[in-house]
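I'll drop the sequence and a predicted model, then ask my questions.
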Amino acid sequence: MNKKCTVIIVFLLLVIGGGIYKFIFQGSVSESTDGRMAVHLDAGETDLVLMEMRMFLNAVQEIVKGVNENDMKLVAEAARRVGKEAQEAVPGTLMGKLPIELKKLGFDTHTKFDQLAMDAEELGDSGHALEQLATLMQNCVACHAAYRLDISSK
């Protein structure tokens, strides 16, 4: 009986470990024809990710406008809208489909927007804000270079 329990425990640990690897690290991905990693999402999840990207782009446009007009309040407001609070709306099912490196890029991007907002308010330095934006946008470029979204058929 003891040996049987040990085998069951080891089996369950392997299943749990496999689930953790699949949903935390690997996600729902495959190699794509263009050399990027294809992330397989359903249509609603794809819409959500694309909406977030449009929100990022809108924030970038407003930040550039704010820097150009030396309106650091606009810079801070635009950056804060897509900071960490914005990522709270992402459902766990979607997070499970994203590979760990994409999650890291996403979390880092939200964090960098928050930092830009704080610095814009505290420092009021448009040059610094523009440097932060340039650094932040490296995440956007890296993500688009490495990943693409594919709608999975069910």
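Thanks, I have it.

the strands in the protein, which residues?
Listed in chain order, the strands of the chain (DSSP state E) span 29-31, 37-41, 147-151.

Can you get me a residue count around Ala117?
Residues near Ala117, counting by other Cβ atoms under 10 Å, number 24. For every residue, glycine as well, the C-beta is placed using N, CA and C.

need the longest helix for this protein.
helix 43-68 (DSSP state H).

Flag every buried residue along that one.
Glu45, Thr46, Leu48, Val49, Glu52, Phe56, Ala59, Val60, Glu62, Ile63, Gly66, Val67 (16 or more other Cβ atoms under 10 Å).

again, but for stretch 112-122
Buried, per 16+ other Cβ under 10 Å, within stretch 112-122: Lys112, Phe113, Asp114, Leu116, Ala117, Asp119, Ala120.

and the two most separated of those?
By the measure Cβ to Cβ, Lys112 and Ala120 form the most distant pair in the buried residues of stretch 112-122, at 12.3 Å.

what's around Pro91, how many residues?
So Pro91, with other Cβ under 10 Å, has 10 neighbours.

rounded to a whole number, what's the mean pLDDT of stretch 67-84?
Across stretch 67-84, the average pLDDT comes to 97.

Convert it to PDB, retaining C-alpha atoms only.
Output of stretch 67-84 as PDB, limited to C-alpha atoms (Å, rounded to 0.1, in the frame of the first residue of the first chain):
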ATOM      1  CA  VAL A  67       6.000  66.400 -24.100                       C
ATOM      2  CA  ASN A  68       5.700  68.600 -27.200                       C
ATOM      3  CA  GLU A  69       3.400  71.000 -25.400                       C
ATOM      4  CA  ASN A  70       5.300  70.700 -22.100                       C
ATOM      5  CA  ASP A  71       2.100  69.500 -20.400                       C
ATOM      6  CA  MET A  72       3.500  67.000 -17.900                       C
ATOM      7  CA  LYS A  73       0.000  66.500 -16.400                       C
ATOM      8  CA  LEU A  74      -1.200  65.100 -19.700                       C
ATOM      9  CA  VAL A  75       2.000  62.900 -19.900                       C
ATOM     10  CA  ALA A  76       1.300  61.500 -16.400                       C
ATOM     11  CA  GLU A  77      -2.400  60.900 -17.000                       C
ATOM     12  CA  ALA A  78      -1.800  59.200 -20.300                       C
ATOM     13  CA  ALA A  79       0.900  56.900 -18.900                       C
ATOM     14  CA  ARG A  80      -1.000  56.100 -15.700                       C
ATOM     15  CA  ARG A  81      -4.100  54.900 -17.700                       C
ATOM     16  CA  VAL A  82      -2.000  52.000 -19.100                       C
ATOM     17  CA  GLY A  83       0.000  51.300 -16.000                       C
ATOM     18  CA  LYS A  84      -0.300  48.300 -13.700                       C
END
